[in-house]
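Peer 1: Just the structure for this:
(one chain, ligands or ions: 2)
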Amino acid sequence: MQSPDRPAPTPPAGDGAAAPKKVFIKAYGCQMNVYDAERMADALAPSGYAETQAIEDADLVILNTCHIREKAAEKVYSELGRVRELKQARAADGRDTAVVVAGCVAQAEGPEILRRAPAVDLVVGPQNYHRLPDLVRQAKSARVVDTEFPVEDKFDHLPRASREKVRARGVSAFLTVQEGCDKFCTFCVVPYTRGAEVSRPAVKILADARALAAAGVRELTLIGQNVNAYHGDGPDGGAWTLAKLFEAVAHIDGIARIRYSTSHPRDMDDELIAAHRDLPALAPYLHLPVQSGSDRILAAMNRKHTADDYRRIVERMRAARPDIALSSDFIVGFPGETDADFEETMRLVRDVDYASAFFFKYSARPGTPAATLADQVPEPVKSERLAALQTLLDSQRHAFNAATVGKTTDVLFERDGRHPGQIVGKTPWLQAVQVDAPRALIGEVAPVTITSRGSNSLFGSLVESSAAAA
Ligand code: 5AD
Ligand code: SF4
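Peer 2: Ligands and ions are numbered 1, 2, ... in the order given. This is a model prediction of the structure:
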């Protein structure tokens, strides 16, 4: 394993080749893809690649793709059209550009991508990022597809980011603790693209968490496609639960806040609920996708829980941590969904009262069981239901934000704000707050009184004592 502080080797000098090679990485979709994009940058750094935000300067372009809905997958092909033009323009200037498609579209479509997108040199699945430097070299002579599920653990081979890089990425970081999914919801591609559920050993996660904290990270979001199914090997030989992992992470010097995502209702056990009562570092926020409020549709989705099971979890959660904010994912227009089924979803939303949520029209994904169901819902019906759901969820979000105005709460400051003299941070409930405060407070947690709200963020003022201490 590489030392976290090892600098990237200097590229060979001489005949004008001294400029470092540049890599541009674009992540689509979920938090896991954002995290993976950073790991790819870390994997390429020792080969002399520096990250750039300007695609036209890049010697290596990586699109880290999402396959969850048709729109997400199609976006990749239109982006590849633009990348092809860029590659041709650079070639006219005598500059090579290697183009890589990574992520879940790569895993699902493999060689089909080479056929549809002539600019692509390499297609690499989510389990093979540790091999990127080698694969990029190989792709110089012939186009490569690598979508195997290797036996080795990629995390054992991925170098850690330097402290400087971690610091530059900010005080809030993601950390993968679990990957893959065994739930097989009938609409979802994840079990096929990300493979079976695997938990990383606790010792490795804690070592990563300590390195991140030592580099200045104050908030860790533990991520996984099914994060609350976590059951990694513990240092004591037994399997550790997510709650146990939280407890160990909470003891790491510097870690002020812990978040986690995404959870499944089936795995919300008593220990995890109790952790929300007992661990002050665990943020009072739970993203718990329900997808639908109709038991008939939940069964057809193979969710293995009912709407009332979900209501009971919410009740227990609120009993353990009364100020918990809830969030969810919803799908409208799943095959066979009637007006009455949709009304059940609306009823569940009214019962739960969400702080925020994501909502999608059902998108038939090739290879998933629901894609071949006869009773597909017409597009206009999906649009109508989505609009109604959105109106309700938006009003709940606005009401939640309005209820914070006047309260004093801890804010973790993350970066410069919109205007000079302002910095921006997050409340425990994941709301962005703009505050007039010194930059020295970035990376600190300080009490803030919320004074008003805008459409996307809150405004607040520092409580006197922290202003004086800064
Ligand atoms: N169509 C629409 N939404 C989907 N999701 C997953 N698969 C599909 C699909 N085929 C949504 C679910 C999931 C979120 C990440 O994406 O709500 O929780
Ligand atoms: Fe997909 Fe989540 Fe269902 Fe797994 S639990 S199949 S990731 S929706």
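
Peer 1: near ligand 1, which residues of the protein show up?
Peer 2: 68-69, 187-188, 289, 291, 329, 331, 360, 362-363, 365 (CB under 6 Å from any ligand atom). Where C-beta positions appear, they are placed from N, C-alpha and C, glycine not excepted.

Peer 1: got the contact list for the residue of the stretch 251-400 of the chain found nearest ligand 1?
Peer 2: Ranked by CB to the nearest ligand atom, the top residue of the stretch 251-400 of the chain for proximity to ligand 1 is Asp329, at 3.3 Å. Asp329 is in contact with 262, 287, 289-291, 357-360, counting by CB atoms under 8 Å, 6 or more residues apart in numbering.

Peer 1: ok, now how distant is it from ligand 2?
Peer 2: Asp329 sits 8 Å away from ligand 2, going by CB to the nearest ligand atom, to the nearest Å.

Peer 1: PyMOL command for the buried members of the residues of the chain next to ligand 1?
Peer 2: To isolate the buried ones among the residues of the chain next to ligand 1 in PyMOL, judged by 16 or more other CB atoms under 10 Å, type:
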select buried, resi 68+69+187+188+289+291+331+360+362+363+365
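
Peer 1: Next, format the residues of the chain next to ligand 1 as a markdown table and append pLDDT and secondary structure.
Peer 2: Formatted as a markdown table, the residues of the chain next to ligand 1 follow (pLDDT from 0 to 100; DSSP: H, G, I helix; E, B strand; the rest coil):
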| residue | pLDDT | secondary structure |
| --- | --- | --- |
| Ile68 | 95 | coil |
| Arg69 | 94 | coil |
| Phe187 | 98 | coil |
| Cys188 | 97 | coil |
| Pro289 | 98 | coil |
| Gln291 | 98 | strand |
| Asp329 | 98 | strand |
| Ile331 | 98 | strand |
| Phe360 | 97 | strand |
| Tyr362 | 98 | coil |
| Ser363 | 96 | coil |
| Arg365 | 96 | coil |
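
Peer 1: correct me, but Ile324 touches His287?
Peer 2: No: judged on CB atoms under 8 Å, Ile324 makes no contact with His287 at a distance of 11.2 Å.

Peer 1: list the contacts for the residue of the stretch 101-250 of the chain found nearest ligand 1?
Peer 2: Nearest residue of the stretch 101-250 of the chain to ligand 1: Phe187, at 4.0 Å (CB to the nearest ligand atom). Phe187 is in contact with 301, 331, 334, 362, 365, 368, 370, counting by CB under 8 Å, 6+ apart.

Peer 1: isn't Leu44 right next to Asp134, touching?
Peer 2: No: the criterion here is CB under 8 Å, and Leu44 misses it with Asp134 at 11.0 Å.

Peer 1: Counting neighbours, go ahead and name the busier of those two.
Peer 2: Leu44 (23 against 13; other CB atoms under 10 Å).

Peer 1: in the stretch 351-470 of the chain, what spans have low per-residue confidence?
Peer 2: Scanning the stretch 351-470 of the chain for pLDDT under 70 picks out 465-470.

Peer 1: Find the closest residue to ligand 2 in it.
Peer 2: Relative to ligand 2, the nearest point of the stretch 351-470 of the chain is Thr368 (9.0 Å; CB to the nearest ligand atom).

Peer 1: That residue is in contact with Val189, isn't it?
Peer 2: Yes: if you go by CB under 8 Å, Thr368 and Val189 touch, sitting 6.1 Å apart.

Peer 1: out of these two, which sits in the more crowded spot?
Peer 2: Between Thr368 and Val189, counting by other CB under 10 Å, Val189 is the more crowded of the two (24 against 19).

Peer 1: in which helix or strand would I find Leu389?
Peer 2: helix 379-404 (DSSP states H and E).

Peer 1: What is that helix packed up against?
Peer 2: strand 325-332, helix 339-352, strand 356-361, strand 445-453 (3 or more CB pairs under 8 Å, 6 or more residues apart in numbering; DSSP states H and E).

Peer 1: Show me which of those has the highest average neighbour count.
Peer 2: Comparing the helices and strands packed on helix 379-404 by mean neighbour count (mean count of other CB atoms under 10 Å), strand 325-332 ranks first with a mean of 22.

Peer 1: now the angle between helix 339-352 and that strand, please.
Peer 2: Inter-element angle recorded for strand 325-332 and helix 339-352: 170 degrees (by axes from the mean of the first three to the mean of the last three CA atoms, to 10 degrees).

Peer 1: and the residue nearest to Val217 when sequence neighbours are not counted, how many neighbours does it have?
Peer 2: Spatial nearest neighbour of Val217, chain neighbours left out: Ala173 (4.5 Å); criterion: CB to CB, 6 or more residues apart in numbering. Other residues near Ala173 number 21, with proximity taken as other CB under 10 Å.

Peer 1: low-scoring stretches of this protein, by residue?
Peer 2: In the chain, residues with pLDDT under 70: 1-19, 465-470.

Peer 1: 90 instead, please
Peer 2: 1-20, 72-73, 149-169, 236-237, 418, 454-456, 464-470 (pLDDT under 90).

Peer 1: Helices of the stretch 101-250 of the chain, residue ranges please.
Peer 2: Taking DSSP state H, counting those that start in this stretch as the test, the helices found in the stretch 101-250 of the chain are 103-109, 111-116, 132-139, 163-169, 190-193, 202-214, 242-250.

Peer 1: and the third one, what other elements does it pack with?
Peer 2: Read it as helix 132-139. Using 3+ CB pairs under 8 Å, 6+ apart: helix 132-139 touches helix 31-44, strand 98-102, strand 122-124, strand 144-146.
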